[in-house]
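In: dropping the sequence and predicted coords here.
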Amino acid sequence: MSNILSPPTHKYPLEIYTDGNDQYKTSLLNYFKKDSVIYGQLIKNKKNGKLVSKVKRKVFRNPKLEDIETVNIESYNGVLRERMARLVRRGKCFSKKRQRFEKHLDIFQFYNNMMKEVKDGKTPMMLEEKTDEKWEWGDIFMHH
């Protein structure tokens, strides 16, 4: 786990909402204590490729049903696919080595969290009060 983030606790839990894939449950329990995670699943029922209903399931603790949604992560996944050719199937920019892919993702996340203004001229890390200023490329590439 990152040394920047504090691990979740019962008092300060991690909130996660996913689709109905039960493998997420197993993975979460491999890394976190059950009482430190608020977890819900959103199962989308489709007919002929069209959404007909959504079922929200409380898995760990007691998430509010209105909080169980996956639109934010689905949107972020779309942004990643749009902006990182390595994530598009059969793209000519695929990563031959996992390490290069991970470094590319690190750079993208740095830009997205530390440089890209999202609200009132502030970056996501400024809104989270993790930094007071917008970073520049030199701040990461020239950092020792």
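Out: Received it, and whenever you're ready, just let me know what you need.
In: excluding chain neighbours, what is closest to Arg86?
Out: The shortest distance from Arg86 to any non-neighbouring residue, by Cβ to Cβ, 6 or more residues apart in numbering, is to Ser95 (5.0 Å). Any C-beta I mention is one placed from the backbone N, CA and C, and that applies to glycine too.
In: relative to Arg61, how far out is the one you found?
Out: Between Ser95 and Arg61 the distance is 37 Å, computed by Cβ to Cβ, to the nearest Å.
In: contacts only, for the residue nearest to Arg86.
Out: Under the criterion of Cβ atoms under 8 Å, 6 or more residues apart in numbering, the neighbours of Ser95 are 86, 101, 104.
In: if we use 10 Å, what do you get?
Out: Contacts for Ser95 (Cβ atoms under 10 Å, 6 or more residues apart in numbering) come out as 84-87, 101-105.
In: so it is in which element?
Out: Ser95 belongs to no helix or strand when assigned by DSSP states H and E.
In: could I get the contacting residues of Asp29?
Out: You called it Asp, but residue 29 is Leu. The contact partners of Leu29, taken as Cβ under 10 Å, 6+ apart, are 37, 39, 60.
In: how much space between the last one and Leu42?
Out: Plainly put, Phe60 is 15 Å away from Leu42 if you go by Cβ to Cβ.
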